[in-house]
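[1] please find the sequence and the predicted model below.
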Amino acid sequence: MKNRMKELRQQHGISQERLAAMLGVSRQTVISIEKERYNPSLPLAMQIARCFTTTVENVFILEDDDLQPSHNERT
């Protein structure tokens with residue numbers, strides 16, 4: 001899953017440290033999400049979107065590969 005978190009954070013003039021404090025997470029969590037190493041939980045994704053006064057879909061972009069069923073889900 002791709003995201004626009006860094007772009008939106010910079011547009012709003014919010015530091016990683018400030019965003020982490022707003023979300024109640026560590027700065028490392030913000031970094032991991034921005035670098036797409038970690039996908040946030042739905043509640044955290046909703047909090048992130050609220051910080052930027054936008055929708056979850058505007059922050060996080062589901063790619064076609066993310067929609068493919070995993071090997072275990074195929075019948």
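    Received the coordinates, thanks.

[2] my guess is Ala49 contacts Leu42. True?
    No - counting by Cβ atoms under 8 Å, Ala49 does not reach Leu42; the two are 10.6 Å apart. Yep, even glycine has a C-beta here, placed from its N, CA and C like the rest.

[3] between these two, point out the one with more neighbours.
    Shown here are Ala49 and Leu42; by other Cβ atoms under 10 Å, Ala49 has more neighbours (18 against 9).

[4] if I've got this straight, that one is in a strand?
    No - applying DSSP: H, G, I helix; E, B strand; the rest coil, one finds Ala49 to be helix, outside a strand.

[5] quick one: residues contacting the closest residue in space to it that isn't next to it in sequence.
    Counting by Cβ to Cβ, 6 or more residues apart in numbering, Ala49 lies nearest to Val56, which is 4.6 Å off, once chain neighbours are set aside. By Cβ atoms under 8 Å, 6 or more residues apart in numbering, the residues touching Val56 are 42, 45-46, 48-49.
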